[in-house]
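Peer 1: only the shape, not the letters, is given here:
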């Protein structure tokens, strides 16, 4: 069952080492920073070396470390590491980074619902708010929470409040059977 695997991976996925950097679990802060800066490694565009190395560096930091680096005039550590990797073939690193992100952004399936009451605030802020308010995380802990874990916690909280949009294991089986029947793989 896909949702069952999603919840399991949210707890047990281990981040890789890429270009000599041990990445941290892909967190809300990582996602928000890379999305906000239009980093092509996250936005699935053609990944250039600058975007990839920036994304790897960002994802090797905690939220607190990222805040310090962004606001620090001394980026010497980044500079030396960056120069070491800048002119190498980074195809394998790019593939590894995309796999890393995919592992951490896997979220539970929901029933789609056309709603006009969408939110204006970034979705990451909703996750952080629930983690702080309902799970007693500090702000730093919430921003360091891996995306898939945050989403599973958020969805579980919403389900406890009556949200019925998560697809159940039984419903997944029915959908798979219907899709197989539509492809003519099984008789109905």
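Peer 2: Yep, that arrived. The model shown is predicted, which means the values in this text are computed figures rather than measured ones.

Peer 1: residues touching the most centrally placed residue in the chain, list them.
Peer 2: Per CA atoms, centre = their mean, the C-alpha nearest to the average position across the chain is that of residue 105, at 3.4 Å. Applying CB atoms under 8 Å, 6 or more residues apart in numbering, we find residue 105 in contact with 26, 31, 147-148. The way it works is simple: take the backbone N, C-alpha and C, and place the C-beta from them, glycine included.

Peer 1: do residue 111 as well
Peer 2: 164-167.

Peer 1: hmm, back to that, now for the contacts of residue 105, which pair is the farthest apart?
Peer 2: Using CB to CB, the pair of these lying farthest apart is 31 and 148, separated by 10.7 Å.

Peer 1: what mean pLDDT does stretch 138-150 have?
Peer 2: In this model, stretch 138-150 has a mean pLDDT of 93.

Peer 1: from the chain's centre, how far out does stretch 162-169 sit?
Peer 2: 21 Å (CA atoms, centre = their mean, to the nearest Å).

Peer 1: buried set for that stretch?
Peer 2: Residues of stretch 162-169 classed as buried by neighbour count (16 or more other CB atoms under 10 Å): 166-167.

Peer 1: kindly report the same for stretch 49-60.
Peer 2: By neighbour count on 16+ other CB under 10 Å, the buried set for stretch 49-60 is 49, 51-60.

Peer 1: again, but for stretch 93-111
Peer 2: Buried residues in stretch 93-111 (16+ other CB under 10 Å): 93-94, 96-98, 100-101, 103-104, 106-109.

Peer 1: done for today, thanks.
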